[in-house]
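> pasting the sequence and the predicted model now:
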Amino acid sequence: MEDDDAQVGINDENNNGWEYDGSCGGQIFIFNGKDNRCRSKDKFFGLTGGGCCDKDKVFIGLVPCKEDEKKLAKLNKQNRCVEVGEYCSKKIKFIACIQHKKTHCCFNSKLARIFNEQGRPQIKRDWGSPKSPDCRGFTPEEFQKLDFSEIDLSEFIADIAGSIDVDKIQADSIKIQEKIESNLENLTRKPTN
């Protein structure tokens, strides 16, 4: 058996360009991402660890999903990742591929994913290859070149709008209004002597 896998995160820019003491490490990255991978399928119906991309654990199989694969599944459910592609990670020499992996670039937020998905084509930047993905964020110079009017934020705005509790906002605004009226009454009331 031949291991044809590639090192995860080899192209990642750590800490968005900042050093741990807070100083600039030379280049700052906006909406930086990280390389994440999961075993997507194998020739043995999941018995050797395939099927870890979409689940928190293997449904059927002898090899459980790894913690980083479970984390990737959660990030995918939160729509924070972009699938770069799939490659053969294990093969039997001269016979066939027995295990595939999917590569994703995952981001700290859905907004970062949206900007990367829609901004990269504007500056002619791709995602690299499944074995060597380019998940880094934008340099300040690249970010300045983006046409923000071409970025569709409807998915992000829908999430924000969906998280707003209108009833609570109305109740709070009534309380605030009552408090203001009460304070105004106290100010305009003349003291009696």
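Now that the structure is in, tell me what you want to look at.

> mind giving me the packing neighbours of the helix or strand where residue 158 lies?
Taking DSSP states H and E as the definition, one finds residue 158 inside helix 154-162. Applying 3 or more C-beta pairs under 8 Å, 6 or more residues apart in numbering; DSSP states H and E, we find helix 154-162 packed against helix 110-119. C-beta here means a position set from N, CA and C on the backbone, and glycine is covered the same way.

> so how far is whichever helix in the chain runs longest off the chain centroid?
Counting residues, the longest helix found in the chain (DSSP state H) is helix 166-188. Offset of helix 166-188 from its chain centre (C-alpha atoms, centre = their mean, to the nearest Å): 40 Å.

> how is this protein carved up into domains?
According to automatic domain parsing, the chain comprises the domains 2-151, 153-188.

> most packed of those?
By mean neighbour count, with neighbours taken as mean count of other C-beta atoms under 10 Å, domain 2-151 ranks first of those at a mean of 16.

> output the below-cut-off pLDDT ranges for this protein.
Of all residues in the chain, those with pLDDT under 70 make up the ranges 1-25, 42-50, 54-63, 187, 190-193.

> and residue 52, how far from residue 163?
Remark: distance between residue 52 and residue 163 (C-beta to C-beta, to the nearest Å) = 30 Å.

> what residues does the helix holding residue 158 touch?
For helix 154-162, the external contacting residues (C-beta atoms under 8 Å, 6 or more residues apart in numbering) are 79, 110, 111, 114.

> try 10 Å this time
Here helix 154-162 makes contact (C-beta atoms under 10 Å, 6 or more residues apart in numbering) with 78, 79, 109, 110, 111, 113, 114, 115, 153.
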